[in-house]
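[1] A predicted structure for the sequence below; I have some questions about it.
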Amino acid sequence: MFVPMDIYDRYEEKGDNEIGNDMAAIKAKRAKNAAAVKKRIMKRLKDTKLINKKKRTELRARTLKYEKEYAEERRKITELKREARKNNCFYREAEKKVVFVIRLKGVNKLPPKVKSVFRLLRLLQVHNGVFVKVNKATKEMLKIVEPYVTYGYPSLSTVRNLIYKRGYIKDGKVRRYSRKKIQNNEDISKHLGKYNVHGIEDMVYQIYTCGSVFKKVNNFLWAFKLKPPKKGFKAKRHGFNEPRPGDWGNREEHINELVSRMI
């Protein structure tokens, strides 16, 4: 045990009893300081546990709310379709707000403009996939790269499976990101908590519904690296909607079947 030199100097002037009292006082002070430090640490841990418990409770409540919204949306569409059939009409659903795009072709013999669009869409490798918000600009971009990609409208289960099974996030400093697998909600809350996104289900909701912070959540996700599809592609040189069925182009809802074979 370390004892300051001034204590040793005082030992020469004091008796054994006084020296013992000084040592006892030092030990008591150290014990008091250690107890205070321990108390602060325990309080901090308790506060952290309470905060995390509150976040989990709120996340569960939001998840139930999301499920009710999804169910209500499905019920509403079913009723509208039924009503249209009664009146001998067709029901046309609202235009989808999000598409999932998969790159089919490598870098060989690609026009420079196509390469630039691939970089903008973050489709840097074959079988990379990304969510894209549908607007005028992205429609024009998809027209440019259409012969080299396939895309369509992802279902809720497809969005969930992609994020849960193939989801990776950007971790680290800006421009020095590392690719990190989604393992817990804490990593999400750390980066997206200020946008009220604290868990995977919050991310699924923002992507599927094209929510108010879709761009933040989508940029936080690393481009999905998918496997070649089971049973392979039909013919990459031909379009999905051509007389001879191929692979590139807009698959609409059929993209979900392809993604399920590539996850």
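    Thanks, I have it. Residues are numbered from 1 along each chain as shown.

[2] Now do the buried residues in stretch 44-58.
    Using 16 or more other C-beta atoms under 10 Å as the test for burial, stretch 44-58 gives Lys55. For every residue, glycine as well, the C-beta is placed using N, CA and C.

[3] mind listing the helices in this protein by residue range?
    Assigned by DSSP state H, the helices in the chain fall at 5-11, 16-86, 112-121, 136-145, 156-166, 185-192, 200-209, 214-220, 255-262.

[4] most packed of the ones you listed?
    helix 200-209 (a mean of 22; mean count of other C-beta atoms under 10 Å).

[5] ok, residues contacting that helix?
    For helix 200-209, the surrounding residues in contact (C-beta atoms under 8 Å, 6 or more residues apart in numbering) are 59, 62-63, 66, 69, 97-98, 131, 154, 156, 159-160, 163-164, 167, 182, 185, 188, 192, 196-197, 211-214, 217-218, 220-221.

[6] Apply 6 Å and report the result again.
    Helix 200-209 is contacted by residues 63, 66, 131, 156, 159-160, 163, 213-214, 217 when judged by C-beta atoms under 6 Å, 6 or more residues apart in numbering.

[7] Stretch 184-192 now?
    Stretch 184-192 has contacts (C-beta under 6 Å, 6+ apart) with 198-199.

[8] How about stretch 135-151?
    With contacts defined as C-beta under 6 Å, 6+ apart, stretch 135-151 is touched by 99, 101-105, 114, 117, 132, 247-249, 251.

[9] how long is it end to end?
    Counting by C-alpha to C-alpha, to the nearest Å, you get 15 Å between the two ends of stretch 135-151.

[10] repeat for stretch 91-109
    One end of stretch 91-109 sits 43 Å from the other (C-alpha to C-alpha).

[11] So which bits of that stretch are buried?
    Going by neighbour count (16+ other C-beta under 10 Å), the buried part of stretch 91-109 is 98-105.

[12] Stretch 223-238 now?
    223-224, 226, 229, 238.

[13] Below-threshold pLDDT in the chain: ranges please.
    Along the chain, segments meeting pLDDT under 70 span 1-22, 45-48.

[14] For the spatially most central residue of it, name its beta-bridge partners.
    Centroid-nearest residue in the chain, with C-alpha atoms, centre = their mean: Leu221, separated by 5.0 Å. Beta-bridge partners recorded for Leu221 (DSSP bridges): Ile169.

[15] How is the protein partitioned into domains?
    5-52, 98-262 (automatic domain parsing).

[16] Relative to the whole chain's centre, how far out is the last one?
    In this case it means domain 98-262. Centroid displacement of domain 98-262 relative to its chain, using C-alpha atoms, centre = their mean, to the nearest Å, is 12 Å.

[17] what's the span of it, first residue to last?
    Taking C-alpha to C-alpha, the first and last residues of domain 98-262 lie 19 Å apart.

[18] residues contacting Val217?
    203, 206.

[19] Can you give me the separation between it and Lys180?
    Counting by C-beta to C-beta, to the nearest Å, the gap from Val217 to Lys180 is 15 Å.

[20] same thing with Ile102?
    The gap separating Ile102 from Lys180 is 22 Å, by C-beta to C-beta.

[21] Over to Thr78?
    With the distance defined as C-beta to C-beta, Thr78 ends up 40 Å from Lys180.
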